[in-house]
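Asker: Build me a model:
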Amino acid sequence: MSWYYEKVITYHVDRGEYGAAIELLRSVETSKVEELWYKYSPELIIHKPKEVYEAWLEAATLNPTRLIPSIVRHVHQKSGVGGNPTSNTTKNRSVLDMAIRFLKFAIKQGNRDPTIHNYLLFLLAKHPDERLLISFLRKKHNGKHLFDIAFALRLCTQNEKNRACIYIYSAMGLYQDAVEKALQVDVKIAKEMASMPEDDETRKKLWTLIAKHTIDAGGEIKDAMNILKESGLLKIEDILPFFPDFVLINDFKKEICESLEVYNDRIEQLKEEMQDYTQSAELIRADMQKLRKRCAVVSGNQRCELTGQNILGKEFYLFPCSHAFHAGALRQEMQKHLNSFQRQTVKQLIQKLNELSTEMPTSTNFFQRPLAAFSFLNLSSSEKEVMTPGAEGGSAATAKAKNAAKEQSIAQEREMVQQKLDEIIASECIFCGEVMIKSIHTPFITPEDEANEGSEWTI
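Answerer: Model prediction:
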């Protein structure tokens, strides 16, 4: 049946009876003549644009994207829009209005095709009323623009739509460009753009641009002062460099006094903070003195938490939680919780300690490590000397005097090595620290042991 309609429409078009052709298409169900609409619209719209647009609005099932070629042809031929400067004649504006009306209708009906949005943007950029363009630019779908924003910026720049450029810059996050463009158009818009960024540093920079522009443009002192208040970020010292040298300071007397008061308040605040820090430092020093005098009591029957042996038999670690471990047992247990690099480091440190022990004179070798185990006691050299029973008699004193330099050097090096080892092995109690928390996911027995245990219970 469509061939019949096509034949009749062709007849009317050939005879120049465009109105009759349009009426025939409108009188038939759209689905039956949809392809005929796409075929004949480029010709019909040139001669009867108003009637064609009205028919398109009625035929809601037509695909607007396939009608774009017809709209482009009509706009290009009738208004000269296609690269030529925007014309303000009533006729040309009417052509743009009809096309814009139809495309807006298509978008309102839910059309999300970027082609539709981009071409509507193109027409709005050619339209003399910039408010229509700005209104379209501000609309988003699910927080996003459906047109090409770079294309929009290029169009607005070419057609000197400065206000529209401002909003495009802000949509792209180019706030400085937006403010600079707005200062060429309207300072109020520039202030609006300067308030958009979230971080204070960026907003302060933008407000500084506005203040500089106002001063350079010959604005009055009160205008610059108003910008200080509106920004909420700028201070008088931020804008003083922009004023000419001959400006009387009396004009800024109030603001300068207010700024000095703020600085005085800040100085007082800093003094209070310094006083608090000084008191904290004194308290820390007092705590350190207490730590130097801290002691721990080990009973004669206290045993190693890992081996069950008497703790006093070998060198050991004693933690503030009262748990005590033989050094060798703790090192072996900690191996399970160290990474490969830490295990290698521990091995090297132990080897270094053994080497230093062989170099230490025998008079000080025996009891040196037990005291080192109590490193948290922070014993002074004199206290260590009193607690070290190896220096008895005149011969021992003589030997110590002869080897003093060597002993001191070796002792210092040994203490450094031991400290590094303790940081890895004994930084915290293995039962009360982070190691125990991390081991919560470790099974009590391995899968192999579990299988063996199960087989033993087989009947």
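Asker: Would you state the strands of the stretch 301-450 of the chain in chain order?
Answerer: 316-318, 324-326 (DSSP state E, counting those that start in this stretch).
Asker: List the strands paired with the first one, with their directions.
Answerer: Which is strand 316-318. strand 324-326 (antiparallel) (DSSP bridges).
Asker: pLDDT on the strand it pairs with, on average?
Answerer: Strand 324-326 comes out with an average pLDDT of 91.
Asker: any residues touching it, and which ones?
Answerer: For strand 324-326, the surrounding residues in contact (CB atoms under 8 Å, 6 or more residues apart in numbering) are 298, 302-307, 309, 311, 313-318, 333, 430. Just so you know, the C-beta spots here come from the backbone N, C-alpha and C atoms, and that holds for glycine as well.
Asker: Please identify the buried residues of stretch 68-79?
Answerer: Buried positions in stretch 68-79, judged by neighbour count with 16 or more other CB atoms under 10 Å: 68, 70, 71, 72, 74, 75, 78, 79.
Asker: doesn't residue 94 make contact with the fifth one?
Answerer: No. Counting by CB atoms under 8 Å, no contact exists between residue 74 and residue 94, whose distance comes to 11.4 Å.
Asker: The residue lying closest to residue 155 once chain neighbours are set aside: what's it in contact with?
Answerer: Setting aside the residues directly before and after it, residue 155 is nearest to residue 125 in space (CB to CB, 6 or more residues apart in numbering), at 4.2 Å. Contact partners of residue 125, counting by CB under 8 Å, 6+ apart, are 133, 152, 155, 156, 158, 159, 161, 164.
Asker: Give me the domain ranges for the protein.
Answerer: Domain assignment for the chain, taken from automatic domain parsing, gives 2-248, 249-293, 301-337+428-459, 342-426.
Asker: one step back: columns neighbour count and distance to residue 408 on top of the contacts of residue 125, output as a markdown table?
Answerer: Converted to a markdown table, the contacts of residue 125 look like this (neighbours: other CB atoms under 10 Å; distance: CB to CB, whole Å):
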| residue | neighbour count | distance to residue 408 |
| --- | --- | --- |
| 133 | 24 | 85 |
| 152 | 27 | 79 |
| 155 | 22 | 83 |
| 156 | 25 | 80 |
| 158 | 11 | 83 |
| 159 | 19 | 86 |
| 161 | 24 | 83 |
| 164 | 26 | 81 |
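Asker: Give me the subset of these lying in helices.
Answerer: Secondary structure defined by DSSP state H assigns 133, 152, 155, 156, 158, 164 of these to helices.
Asker: residues touching the first one, list them.
Answerer: This means residue 133. By CB under 8 Å, 6+ apart, residue 133 lies in contact with 121, 124, 125, 127, 156, 161, 164.
Asker: chain center to the strand or helix carrying residue 44, what's the gap?
Answerer: Remark: residue 44 resides in helix 30-47, with elements defined by DSSP states H and E. Going by CA atoms, centre = their mean, to the nearest Å, the spacing between the C-alpha centre of helix 30-47 and its chain's C-alpha centre is 53 Å.
Asker: which intervals of the stretch 251-400 of the chain have sub-threshold pLDDT?
Answerer: Counting by pLDDT under 70, the stretch 251-400 of the chain contains low-confidence ranges at 251-256, 259, 292, 360-400.
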